[in-house]
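Chemist: Generate coordinates for the sequence data below:
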Amino acid sequence: MEAKRAVKLGVIGLGARGLPLINAVFLPMYDHGLVEVAAVCDVYRDRVDKAAETVKAKTGKTPFCTTDWREVISCPEVEAVLVLSAWESHIEICIAAMKAGKPVGTEVGGAYNVYDCHRLVTVYEETGVHCMMLENCCYGRRELMALNMARLGVFGTVVNCDGGYLHDLREEIVNGDINRHYRQRNYSLRNCENYPTHELGPIMQILNINRGNRMVCLNSVASCARGLREYAAEHRGADHPLAKRDYAQGDIVTTVIRCAGGETIRLTLDTTLPRIYSRGLAVRGTKGMYAMDGDYVHMDGENEFASMSDKIGNAEKYAEQYEHPIWREYRANPIGGHDGIDWLVYNAFVESVREGIAPPIDTYDTATLMCISALSEESIAAGGAAVGIPDFTHGKWIERLESPEDKLGSYSLR
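Modeler: Got it, this is the predicted structure:
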């Protein structure tokens, strides 16, 4: 069999995601002949130098280095672009890469206005160059098991899904000025579902969003903001400006979405109060359910009042039958960070570039995921009013009936 061609990547953004991904994913991919890191970029020169040293130590080659992302896009050695920078910069860089004819993958984050999401789709339709949202949670082991069970009808008719970004980020946010992290300024100035994609990406797969179904409208509400001020006072000092700041971002944001098929989705953003980490996935159908919190499956006919201690963790038994094929392959030869999900999502992006095919999370999906932030901000500001969700496919969702599962890519080192 002919060896796979290495895709030459330009990596823009070398902070909390960029450099760890180089170490955990891109350089192992280099070992397997799948990618080369051709260019590295960040607004901070020390990050650029560190990334370049890391790549050279492994490969013997120094990538093109710059603090100007435009130079990465114009670099002739770069075949595809990865946008791992601050949220505010994602769409501008993605559009420039697409116009330059270079497929682009963007790390997760929401949009700041719906107009930018329309721009993203327009550029794709004009150029044929896709932008893939690199939503690694679509490749989570339990998320894919739940997708497989839904596809096989195990849950019956799915009527509701829950998802959450449930992650105590107080230290990261309050120390953002020290660590040069963009979340601090966002939490200071915006009040929205600012990180919808971990929650919503897997649910879009389960509910066939943009492929026979679509999201129609949402309502969002936010609690008061108290967590960051108290944390800043305790850890940075009561007289520190961050301890006196009025943060815009509510501690907990709840968003309810209604779909064309009648299904509902509930998203929860919970990042500034003490808690245990979870992605909060739950799939509810007429014949059964799966819940990530407790990692259990409950089926029709089972005792409703059974002890939870008998249920917790029973999903592993169901995995024996319903493990997704991608994860069966991956568990036989695991590589990469985030329990494999980073490897799997980036492998799918690289595979789409190498084969010249649409990525599994395409530009329509990317725009749909990103718009939730802007729309939730509008709904919160209007007291939880219903806000319509645009159809970025312009009606194509009715006829795009291929299963998103068919487009997830594969896991292979050949």
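
Chemist: And the helices in the stretch 51-200 of the chain, which stretches?
Modeler: Ranges of helices in the stretch 51-200 of the chain, per DSSP state H, counting those that start in this stretch, are 69-74, 90-99, 114-127, 141-151, 170-174, 176-179, 183-189, 197-206.

Chemist: Excluding chain neighbours, what is closest to the residue nearest in space to the middle of the chain?
Modeler: The C-alpha lying nearest the average C-alpha coordinate of the chain belongs to Glu135 (CA atoms, centre = their mean; 2.9 Å). Leaving aside its sequence neighbours, Glu135 sits nearest to Gly201 (CB to CB, 6 or more residues apart in numbering; 3.7 Å). C-betas here are computed from N, CA, C, even on glycine.

Chemist: Check Ala51 too.
Modeler: Ala51 sits nearest to Val40 (CB to CB, 6+ apart), 4.3 Å away.

Chemist: pLDDT averaged over the helix or strand containing the one you found - what is it?
Modeler: Per DSSP states H and E: Val40 is located in strand 35-41. For strand 35-41, mean pLDDT is 98.

Chemist: Mind giving me the packing neighbours of that strand?
Modeler: strand 7-12, helix 27-31, helix 45-59, strand 64-66, helix 69-74 (3 or more CB pairs under 8 Å, 6 or more residues apart in numbering; DSSP states H and E).

Chemist: For Met289, which of these is the nearest?
Modeler: Closest of those to Met289 is helix 27-31, at 36.3 Å (criterion: CB to CB).

Chemist: how near is the residue lying closest to Val108 once chain neighbours are set aside to Asn160?
Modeler: Nearest in space to Val108, with sequence neighbours left out and distances taken as CB to CB, 6+ apart, is Thr197 at 4.3 Å. Separation of Thr197 from Asn160 (CB to CB, to the nearest Å): 19 Å.

Chemist: who has more neighbours, the two?
Modeler: Thr197 (29 against 17; other CB atoms under 10 Å).

Chemist: shouldn't that one be in contact with Glu135?
Modeler: Yes. With contact defined as CB atoms under 8 Å, Thr197 and Glu135 form a contacting pair (4.9 Å).

Chemist: By mean pLDDT, flag the weakest helix or strand of the protein.
Modeler: helix 308-311 (a mean of 88; mean pLDDT, DSSP states H and E).

Chemist: Packing partners of that helix?
Modeler: strand 296-299.

Chemist: what lines up beside the strand it packs on in the sheet?
Modeler: Note on strand 296-299: by DSSP bridges, its sheet partners are strand 288-291 (antiparallel).

Chemist: CA-only coordinates of the strand it pairs with in CSV, if you can.
Modeler: Coordinates of each C-alpha in strand 288-291 appear next as CSV, following Å, rounded to 0.1, in the frame of the first residue of the first chain:
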residue,chain,number,x,y,z
GLY,A,288,-33.8,4.5,27.1
MET,A,289,-31.1,7.0,27.9
TYR,A,290,-27.5,7.5,28.5
ALA,A,291,-26.0,10.0,31.0
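
Chemist: shift numbering so it begins at 6
Modeler: All right, first residue 6 from here; so that's strand 293-296.

Chemist: And the residue nearest to the centre of the chain, what's its pLDDT?
Modeler: pLDDT, Glu140: 97.

Chemist: Enumerate every residue touching it.
Modeler: Val113, Thr202, His203, Gly206, Val350, Ile366, Leu374 (CB atoms under 8 Å, 6 or more residues apart in numbering).

Chemist: And for Asn224?
Modeler: Asn224 touches Thr260, Val261, Ser384, Gly389, Ala390, Ala391, Val392, counting by CB under 8 Å, 6+ apart.

Chemist: beta partners of it?
Modeler: If you apply DSSP bridges, the partners that Asn224 bridges to are Val261.

Chemist: any idea how far Ile262 is from it?
Modeler: Taking CB to CB, one finds Asn224 at 8 Å from Ile262.

Chemist: and what of Asp315?
Modeler: In terms of CB to CB, Asp315 sits 33 Å off from Ile262.

Chemist: When these two are compared, which one has more neighbours?
Modeler: Between Asp315 and Ile262, Ile262 has the larger neighbour count (other CB under 10 Å), namely 25 against 11.

Chemist: about what we covered before: just put the contacts of Glu140 in JSON lines and tack on pLDDT.
Modeler: What follows is the contacts of Glu140, written out as JSON lines (pLDDT from 0 to 100):
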{"residue": "Val113", "pLDDT": "96"}
{"residue": "Thr202", "pLDDT": "97"}
{"residue": "His203", "pLDDT": "96"}
{"residue": "Gly206", "pLDDT": "98"}
{"residue": "Val350", "pLDDT": "96"}
{"residue": "Ile366", "pLDDT": "96"}
{"residue": "Leu374", "pLDDT": "98"}
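
Chemist: what's the closest of those residues to Tyr144?
Modeler: For these, the nearest to Tyr144 is Val350 (5.2 Å; CB to CB).

Chemist: Look at that closest one and say how many residues are nearby.
Modeler: That count, for Val350 with other CB under 10 Å as the rule, works out to 30.

Chemist: Walk me through the domains of this protein.
Modeler: 12-141, 143-330+369-412 (automatic domain parsing).

Chemist: need these in a markdown table with distance to Gly345, can you?
Modeler: Below are these laid out as a markdown table (distance: least, CB to CB, whole Å):
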| stretch | distance to Gly345 |
| --- | --- |
| domain 12-141 | 9 |
| domain 143-330+369-412 | 7 |
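
Chemist: Among the ones you listed, which comes closest to Ile340?
Modeler: domain 12-141 (5.3 Å).

Chemist: and the end-to-end length of that closest one?
Modeler: 20 Å (CA to CA, to the nearest Å).

Chemist: what about Asp347, which SS state?
Modeler: Under DSSP: H, G, I helix; E, B strand; the rest coil, Asp347 falls in the helix class.

Chemist: Correct me if wrong: it contacts Leu26.
Modeler: Yes. Asp347 lies in contact with Leu26 (CB under 8 Å); the separation is 6.5 Å.
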